[in-house]
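Peer 1: Okay, predicted coordinates and the sequence, questions at the end:
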Amino acid sequence: MMWENNKFKSSCKGAQKRRNNYKVENYYQCLMNEECQPAINKGFRLVDNQVMTYVQNKIGLTPIYNKGVLLNKLNSAPIDI
């Protein structure tokens, strides 16, 4: 999440952004309380030449960050390799 021209910019990989309207409070609650936030993905799929709909429940936000070293609940640093 970043601030760009006084606008909140967020990212939730693997979750449909327009269906799961995460707010700043959702990100903050996820990090501070170490609670996962749910997400729902819906769409169409072609299976055996038939169009089917699907609903996928998943974890949208998680406090786990494995691409760096957590300095505290809000800040991280790159991994020294």
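Peer 2: Here it is on my side, so go on.
Peer 1: Nearest spatial neighbour of the most centrally placed residue in the chain, chain-adjacent residues omitted?
Peer 2: Of all residues in the chain, the one closest to the mean position by CA atoms, centre = their mean is residue 12, 2.8 Å from it. The shortest distance from residue 12 to any non-neighbouring residue, by CB to CB, 6 or more residues apart in numbering, is to residue 60 (5.4 Å). Every residue, glycine included, has its C-beta placed from N, CA and C.
Peer 1: Repeat that for residue 67.
Peer 2: Nearest one to residue 67, counting by CB to CB, 6+ apart, is residue 79 at 7.4 Å.
Peer 1: List the residues that contact that neighbour.
Peer 2: 67, 68, 69 (CB atoms under 8 Å, 6 or more residues apart in numbering).
Peer 1: next one: residue 77
Peer 2: Taking CB under 8 Å, 6+ apart, one finds 68, 69, 71 in contact with residue 77.
Peer 1: Likewise for residue 20?
Peer 2: 12, 39, 40, 60.
Peer 1: quick one: which of these is most hemmed in?
Peer 2: Highest neighbour count within the contacts of residue 20, by other CB atoms under 10 Å: residue 60, with 22 neighbours.
Peer 1: name the element it belongs to?
Peer 2: Using DSSP states H and E, residue 60 falls within strand 50-61.
Peer 1: What ranges does this protein have for its strands?
Peer 2: 2-4, 7-9, 37-47, 50-61, 68-70, 76-78 (DSSP state E).
Peer 1: And stretch 24-35, how far out from the chain middle?
Peer 2: 11 Å (CA atoms, centre = their mean, to the nearest Å).
Peer 1: what does stretch 21-31 give?
Peer 2: 9 Å.
Peer 1: in it, what's buried?
Peer 2: Across stretch 21-31, burial judged by 16 or more other CB atoms under 10 Å covers 22, 26, 27, 30, 31.
Peer 1: same check, this time on stretch 51-67
Peer 2: Using 16+ other CB under 10 Å as the test for burial, stretch 51-67 gives 60, 61, 63.
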